[in-house]
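[1] below are the sequence and a predicted model for it; my questions follow.
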Amino acid sequence: MSERETPDSGDWPWQREGRLSGPAWFVCLALSSVGLAVAVNQIFNLQFLGFAPISTGYYYLLIGLFLPIVFLNFPARRRDRLRAEWYDWLLAVAALAVGIYLYDNARNILGMGWDILAPPLPTAVSGLLVLLALEGVRRCGGTALVVICGVFATYPLYAGSMPGFLWGSQYTLMETARAHAMGVESIIGIPMRVVSDLLIGFLVFGIALTVSGGGDFFMKLATALLGGSRGGPAKVAILSSGFFGSLSGSVISNVLSTGSMTIPTMKRCGYPPTYAGAVESCASTGGALMPPVMGAVAFIMASFLNVPYVEVMTAAAVPAILFYGVLLLQADAYAARVGLRGLPRVELPAVGATLRDGWVYLFSLGLLVYLLLVENIESMAPFYAAAVLIVTALVLRRGRARLLVVLDFIVRTGTNVAHLIGILAGIGLIVGSLSITGVGNAFSRELVQYAGDSVILLLIFGAATSFVLGMGMTVSACYIFLAIVLAPALVQSGLDTMASHLFILYWGMLSYITPPVALAAVAAAGIAKAPAMATGMKAMRLGLVLFILPFMFVYNPALILKGSPAEVGLSVTTAAVAVWMLSSAFERYLYVAGPLRLWQSGVLLGGALALMVPEHRTDLIGVAALAVVYGEHLLRGRKRQLLSPNTGDPAA
């Protein structure tokens, strides 16, 4: 049955089992509706009925509207996963009351300096907000993240007793609570401002894409384009996950949504379960690094750098394309080496029919990119693109299905925004503590001093720190922490500012595909019914270029489009050849030459690494390595021709 003919049958959303059902669902719908209306009014400056809160009041109001959804939707304990308990409702009411109180007093907070000295009631409310933020981050981000946030939240209480560069300004308990809740650098600091002013629109666009059927379209398009080629299912997984991930920005949801279709198909066409899971986990991880939307952290990066988001998007384009190029080349080389074929022609959708049915998704994507690059309206652009998708979804459906689309869109958007606010309100405590104590700047100075003049030592230390923190934190938390304490040190060492921040982002993402955590690989392994650790090791090998790319663009900013057209063109071309040689070496298969022997793979690997060195003097080594492998292939072919009798037999 087609999407246009969705019947008016089945349970209503609030009648389904789960925490978000019954009264909890209706409360979530109401809070989400009001929250989205407030955001649209603020971002478009509508001043509806004279409603125009100051910016800090707007942030408090969004916290008050979306933080209650965290307590209703995310359980405090595993056994509470099917229903919201009385204490969840109590925390939800408290969060709503705290948000409204601080919104109502936003002008007093700024005008009377309540973040420094305030009456007892706002001070008590501040302490309650800090506790609610910590409980919210525990439910949304897990125990490890709340422990980290808790340690940093209380850091101002004992910063004056810490040794060396860890020493900072010390505050009392009340002063700390006021600074966190009513200061502009903690809970309502950069992370919360990014969500409220910019990211909420892209979350709306991502949900609109999902409820309108965009995920299915990109899967069909990828299948129509590449499904019939050798190793087609793996290429479909890479392309569709890249499409969908670049618009949703969520790694795990990308694995679960696209992987549920691509992984079984890869297995059916001959890919081993571990390889299928590894391909999907790498492709989904790369989606969060792929423009135009990327992940939440890209918008946070733009705010830290104080540049338009378009600059981050543009800088990230070439490295992301190189990464997906490597994945496609490796999947193709593996299929060629072991003799895998593509999907049967009868299973392939027609490209023309697919484009006719789903042109609106490409149109909305093109509209989004146009509004971002040409009109430069970052905060409004995703709302316009989302409106196109929602209107389309309503036209395609009939009867009750139209109402379900709207309800599903509002509730899913509300829960996604709530999840992000639940995490970033807690992460804001880290930012606030490092800021008010002054430890963040001191840490950067010490890093530069310890590294001396060795930039590579500083980069290795930064990579290791990013990777370790990425295992215990969300990528957003990892990036925010290191953007304060590490990025300034990299910039002080003479590295490009944008490249330094992208370096941190890339290394923070690596924990998704690297054991022992490897969350993306674990999720993919569950679908593939493969060992999680083996899938993680295979994903790490397939995604090895992610370990190398950050060093390439941090030493050679031309790869993030910094430099003259000639420099950019030469650097991108050299990098493309290098990653092709790298993928050929890993899969031991080179086009025309065919399967490679071990020594040939070693030569190609060395040549690829030589091409990746920013100094173009080493390019000759890479070219020579490629010439050696192809030359040996030609000599072998010539030798076989001389030794084979000229019988006219094609096999000869």
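    Great, that's in hand.
[2] so which strand or helix has residue 586?
    helix 565-587 (DSSP states H and E).
[3] mind giving me the packing neighbours of that helix?
    helix 309-338, helix 545-555, helix 598-612, helix 619-643 (3 or more Cβ pairs under 8 Å, 6 or more residues apart in numbering; DSSP states H and E). Glycine gets a C-beta too; all of them are placed from N, C-alpha and C.
[4] dump the ones you listed to JSON lines, plus distance to residue 459 and mean neighbour count.
    Below are the helices and strands packed on helix 565-587 laid out as JSON lines (distance: least, Cβ to Cβ, whole Å; neighbours: other Cβ atoms under 10 Å):
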{"stretch": "helix 309-338", "distance to residue 459": "16", "mean neighbour count": "22"}
{"stretch": "helix 545-555", "distance to residue 459": "7", "mean neighbour count": "22"}
{"stretch": "helix 598-612", "distance to residue 459": "14", "mean neighbour count": "19"}
{"stretch": "helix 619-643", "distance to residue 459": "22", "mean neighbour count": "14"}
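[5] check residue 190 and give its pLDDT.
    Listed pLDDT for residue 190 reads 87.
[6] cool, residue 410 as well?
    93.
[7] and if you look at residue 649?
    Here the pLDDT value assigned to residue 649 is 45.
[8] do residue 150 as well
    Residue 150 carries a pLDDT value of 93.
[9] for the helix or strand harbouring it, list the C-alpha coordinates in CSV.
    Element membership of residue 150, judged by DSSP H and E, is helix 143-153. Extracted as CSV, the C-alpha positions of helix 143-153 are listed here (Å, rounded to 0.1, in the frame of the first residue of the first chain):
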residue,chain,number,x,y,z
THR,A,143,26.2,8.3,34.3
ALA,A,144,29.7,9.0,33.0
LEU,A,145,28.7,12.3,31.6
VAL,A,146,26.8,13.5,34.7
VAL,A,147,29.9,12.6,36.9
ILE,A,148,32.1,14.7,34.6
CYS,A,149,29.5,17.6,34.6
GLY,A,150,29.1,17.3,38.4
VAL,A,151,32.9,17.5,39.0
PHE,A,152,33.1,20.6,36.9
ALA,A,153,29.9,22.1,38.3
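[10] show me what the helix or strand that that helix is followed by is packed against.
    Reading on from helix 143-153 to the C-terminus, the next helix or strand found by DSSP H and E is helix 155-158. On a contact count with 3+ Cβ pairs under 8 Å, 6+ apart, helix 155-158 meets helix 173-182, helix 400-437.
[11] so which of those helices gets nearest residue 38?
    Smallest distance to residue 38 across the helices and strands packed on helix 155-158 (Cβ to Cβ): 11.3 Å, for helix 400-437.
[12] between the helix or strand bottoming out on mean pLDDT in the chain and helix 400-437, how many degrees?
    Every helix and strand of the chain was ranked by mean pLDDT, DSSP states H and E. The lowest is helix 439-451, at a mean of 74. In terms of direction (axes from the mean of the first three to the mean of the last three Cα atoms, to 10 degrees), helix 439-451 departs from helix 400-437 by 70 degrees.
[13] and the contacts of the helix or strand just after helix 439-451?
    As assigned by DSSP H and E, the chain's next helix or strand after helix 439-451 is helix 455-472. With Cβ atoms under 8 Å, 6 or more residues apart in numbering as the test, helix 455-472 has contacts from 144-145, 148, 447-448, 451, 477-478, 481-482, 486, 489-490, 493-495, 503-504, 507-512, 514, 516-517, 550-551, 554.
[14] now, which of these lie within helices?
    144-145, 148, 447-448, 451, 477-478, 481-482, 489-490, 503-504, 507-509, 550-551, 554 (DSSP state H).
[15] ok so, going back, quick one: the least confident helix or strand of the chain to chain centroid distance?
    Offset of helix 439-451 from its chain centre (Cα atoms, centre = their mean, to the nearest Å): 28 Å.
[16] do the same with stretch 410-421
    Computed by Cα atoms, centre = their mean, the chain-centroid distance of stretch 410-421 equals 16 Å.
[17] which outside residues touch that stretch?
    13, 20, 25, 28-29, 31-33, 35-36, 62-63, 66-67, 69-70, 73-74, 136, 140, 192, 195, 199-200, 203-204, 206-207, 210-211, 296.
[18] then the helix holding residue 586 to PDB, C-alphas only?
    Taking Å, rounded to 0.1, in the frame of the first residue of the first chain, the C-alpha atoms of helix 565-587 are listed here in PDB:
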ATOM      1  CA  PRO A 565      42.700  28.300  -6.100                       C
ATOM      2  CA  ALA A 566      45.900  26.800  -7.400                       C
ATOM      3  CA  GLU A 567      47.000  25.600  -3.900                       C
ATOM      4  CA  VAL A 568      43.500  24.200  -3.200                       C
ATOM      5  CA  GLY A 569      43.300  22.400  -6.500                       C
ATOM      6  CA  LEU A 570      46.800  20.800  -6.100                       C
ATOM      7  CA  SER A 571      46.200  19.800  -2.500                       C
ATOM      8  CA  VAL A 572      42.800  18.300  -3.100                       C
ATOM      9  CA  THR A 573      44.000  16.400  -6.200                       C
ATOM     10  CA  THR A 574      47.000  15.100  -4.300                       C
ATOM     11  CA  ALA A 575      44.800  14.100  -1.300                       C
ATOM     12  CA  ALA A 576      42.300  12.300  -3.600                       C
ATOM     13  CA  VAL A 577      45.100  10.200  -5.200                       C
ATOM     14  CA  ALA A 578      46.500   9.500  -1.800                       C
ATOM     15  CA  VAL A 579      43.300   8.200  -0.400                       C
ATOM     16  CA  TRP A 580      42.700   6.100  -3.500                       C
ATOM     17  CA  MET A 581      46.100   4.500  -3.100                       C
ATOM     18  CA  LEU A 582      45.400   4.000   0.600                       C
ATOM     19  CA  SER A 583      42.100   2.200   0.000                       C
ATOM     20  CA  SER A 584      43.800   0.000  -2.700                       C
ATOM     21  CA  ALA A 585      46.600  -0.900  -0.200                       C
ATOM     22  CA  PHE A 586      44.100  -1.800   2.500                       C
ATOM     23  CA  GLU A 587      42.000  -4.000   0.300                       C
END
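[19] packing partners of the helix or strand just after it?
    Going down the chain from helix 565-587, the next helix or strand is strand 589-590, by DSSP H and E. Under the contact criterion of 3+ Cβ pairs under 8 Å, 6+ apart, strand 589-590 touches helix 309-338, helix 619-643.
[20] what residues does the shortest one touch?
    Applying Cβ under 8 Å, 6+ apart, the set of residues contacting helix 619-643 from outside is 574, 577-578, 581, 590, 592-594, 596, 600, 603-604, 606-608, 610-611.
[21] distance from the chain centre to it, please.
    On the basis of Cα atoms, centre = their mean, helix 619-643 sits 42 Å off its chain's mean C-alpha point.
[22] tell me the mean pLDDT over it?
    Rounded mean pLDDT across helix 619-643 is 81.
[23] now the angle from that helix to helix 565-587?
    On the basis of the same axes, to 10 degrees, helix 619-643 is oriented at 50 degrees to helix 565-587.
[24] can you pull out the helices in the stretch 251-400 of the chain?
    If DSSP state H, counting those that start in this stretch is used as the criterion, the helices of the stretch 251-400 of the chain fall at 251-268, 273-287, 296-305, 309-338, 351-370, 381-396, 400-437.
[25] can you give me the distance of residue 287 to residue 244?
    Look at residue 287 and residue 244: by Cβ to Cβ, to the nearest Å, they are 7 Å apart.
[26] any common contacting residues for these two?
    Common contact partners of residue 287 and residue 244 (Cβ under 8 Å, 6+ apart): residue 254.
[27] phi and psi next, for residue 495.
    Residue 495 has phi and psi values of phi -80, psi 150 when expressed as degrees, to the nearest 10.
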